[in-house]
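1. can't give you the sequence, but here's the structure:
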């Protein structure tokens, strides 16, 4: 990779502090970044940048107490598939998959819904009823059986 500042192709990767803003909150992490050995300026490295962003999202999720493991724990606590749980909380399955992989962070609305289910798990029935039109009658019955088994 070539330095945009001095044109040198001599670079190294080292740990560096990285700060970004996620949903209005400043998040700082230590991660791998590429630097020019000639002028010491940072050199853009797409792969390292992607990893830095993923790490920052994971850190943000830890700060707001909704890390990927906690989100999976909520869903699995009801013994629900990603497809059914995503319909209950009102997001796309792909979005839930990203939350559970830790590659994306829930927006404020989904954070509120997920935190509500952590502190008041019986409210899931209200979410199911509010989104009843999103389910086939068989899916609705399956969900209600699983929820009632959790009691």
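-> Noted; the coordinates are in hand. As the structure is a computational prediction, the values presented were derived from the model and not from experiment.
2. What lies in contact with the longest helix along the chain?
-> Using DSSP state H to define each element, the chain has its longest helix at helix 46-63. Counting contacts by C-beta atoms under 8 Å, 6 or more residues apart in numbering, the residues outside helix 46-63 that touch it are 13, 18, 20, 22-23, 25, 27, 29, 31-34, 67-68, 102-105. Quick note: C-beta positions are derived from backbone N, CA and C, even for glycine.
3. What are the buried residues along it?
-> By neighbour count on 16 or more other C-beta atoms under 10 Å, the buried set for helix 46-63 is 48, 52-53, 55-61.
4. Now flag whichever of these is closest to residue 137.
-> residue 61 (35.4 Å; C-beta to C-beta).
5. Please parse this protein into its domains.
-> 11-63, 68-150 (automatic domain parsing).
6. okay, and for the chain, where does confidence drop off?
-> 65, 150-151 (pLDDT under 70).
7. Provide the secondary structure category for residue 26.
-> Judged by DSSP: H, G, I helix; E, B strand; the rest coil, the three-state class of residue 26 is strand.
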